[in-house]
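*Asks:* Okay, here's the prediction I keep looking at, along with the sequence it came from:
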Amino acid sequence: MEHSENILLEVKGLEKYYGDTPVLRQINLTVHKGEVVVVLGPSGCGKSTLLRCMNGLEEIQHGDISYQGHSLTKGKTVWREIRQHIGMVFQNYELFPHLTVMDNILLGPLKVQRREKQEARAHAEELLTRVGLLNRKSAYPRELSGGQKQRIAIVRALCMKPEMMLFDEVTASLDPEMVREVLDVILGLARQGMTMIIVTHEMGFARSVGDRIVFMDQGFICEETTPELFFTNPTTERAKQFLDIFQY
């Protein structure tokens, strides 16, 4: 994919520490509009922390993150505004239990974006239809399966009309039979051209959805290549060991 003038997000020399412990080291990453970047690596290698830095949920010690050419780490960034452009879905849904599905989805568009209720509701219903859950719009989170909750969490993020989505292990806490329904929603977004960074342990999904694989270990990016090359001919010993675990 060639998007040389279409850089949406750029990370340069990013370093992140917890106390004296380095978590992210000299991270350089460029994400183009419409691209799907899949981040792989062993647990504890810094994948989720990298996503959280991109969304202002973690402070960084060195380097820079820029979005559409504007630095997010130098000067005063209003992260509440940035998060309307860079949506994020976590592995634990984070739905409000006392609100219906529809009220959970509309909270951001109405309270943060001050959108007209009828327009926001129509958008929410369109998205719910897309993920096959329009008939659950009046349900409460406790009445939903894990897979349904995660699809609602995705709809809630999409209803803010972001330009880019970050997915952090969104199937990690799901039963195996519910994983597919969530991954299918993300595959659909990829086909529609949504820019995404996806952290996952689902290797088959990573191979099918990604334009690029970024492999991390011990806070570094060790390898960055196409899915085809990564899964058939990884260049680093660490990536080979990692793929052996998944019998790739």
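*Replies:* Thanks, I have it.

*Asks:* hey, let's count contacts and neighbours off CA atoms from now on
*Replies:* Noted.

*Asks:* Run the chain-centre distance for the helix ranked longest in the chain.
*Replies:* Criterion DSSP state H: the longest helix present in the chain is helix 176-191. Taking C-alpha atoms, centre = their mean, to the nearest Å, one finds helix 176-191 lying 13 Å from the centre of the chain it belongs to.

*Asks:* neighbouring contacts of it?
*Replies:* 34, 36, 131, 146, 147, 150, 151, 170, 171, 196, 205, 209 (C-alpha atoms under 8 Å, 6 or more residues apart in numbering).

*Asks:* mind checking how far the nearest residue to the third one once chain neighbours are set aside is from residue 229?
*Replies:* Taking C-alpha to C-alpha, 6 or more residues apart in numbering, and ignoring the residues beside it in sequence, residue 131 has residue 185 as its nearest neighbour in space, at 6.3 Å. Distance from residue 185 to residue 229, counting by C-alpha to C-alpha, to the nearest Å: 25 Å.

*Asks:* Identify all residues paired with the nearest residue to residue 219 once chain neighbours are set aside through a beta bridge.
*Replies:* Nearest non-adjacent residue to residue 219, counting by C-alpha to C-alpha, 6+ apart: residue 24, 4.1 Å away. Using DSSP bridges, the beta-bridge partners of residue 24 come out as residue 16.

*Asks:* so residue 24 touches residue 15, yeah?
*Replies:* Yes: Residue 24 is within contact range of residue 15, at 5.0 Å (criterion: C-alpha atoms under 8 Å).

*Asks:* These two: which has the busier surroundings?
*Replies:* Between residue 24 and residue 15, counting by other C-alpha atoms under 10 Å, residue 24 is the more crowded of the two (27 against 21).

*Asks:* Quick one: residues in contact with the helix or strand just after the longest helix of the chain.
*Replies:* On the C-terminal side of helix 176-191, the closest following helix or strand by DSSP states H and E is strand 195-199. With contacts defined as C-alpha under 8 Å, 6+ apart, strand 195-199 is touched by 32-40, 47-48, 51, 163-169, 190.

*Asks:* Provide the angle between the direction of strand 195-199 and the direction of helix 176-191.
*Replies:* Interaxial angle of strand 195-199 relative to helix 176-191 (axes from the mean of the first three to the mean of the last three C-alpha atoms, to 10 degrees): 150 degrees.

*Asks:* hey, C-alpha coordinates of strand 195-199 in CSV?
*Replies:* Output in CSV follows, covering the C-alpha atoms of strand 195-199 (Å, rounded to 0.1, in the frame of the first residue of the first chain):
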residue,chain,number,x,y,z
THR,A,195,-7.3,3.2,9.9
MET,A,196,-6.6,0.8,12.8
ILE,A,197,-3.8,-0.3,15.1
ILE,A,198,-4.7,-3.7,16.5
VAL,A,199,-3.0,-5.6,19.4
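
*Asks:* and it, average pLDDT?
*Replies:* For strand 195-199, mean pLDDT rounds to 97.

*Asks:* what does stretch 106-115 give?
*Replies:* In this model, stretch 106-115 carries a mean pLDDT of 93.

*Asks:* Please export the C-alpha coordinates of it as CSV.
*Replies:* Below are the C-alpha coordinates for stretch 106-115, written out as CSV (Å, rounded to 0.1, in the frame of the first residue of the first chain):
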residue,chain,number,x,y,z
LEU,A,106,-25.1,8.0,23.0
LEU,A,107,-23.3,9.2,26.1
GLY,A,108,-20.3,10.5,24.2
PRO,A,109,-22.0,11.9,21.1
LEU,A,110,-24.6,13.8,23.2
LYS,A,111,-22.5,14.9,26.2
VAL,A,112,-19.0,15.4,24.6
GLN,A,113,-19.8,16.3,21.0
ARG,A,114,-23.1,18.0,21.7
ARG,A,115,-24.7,16.4,18.6
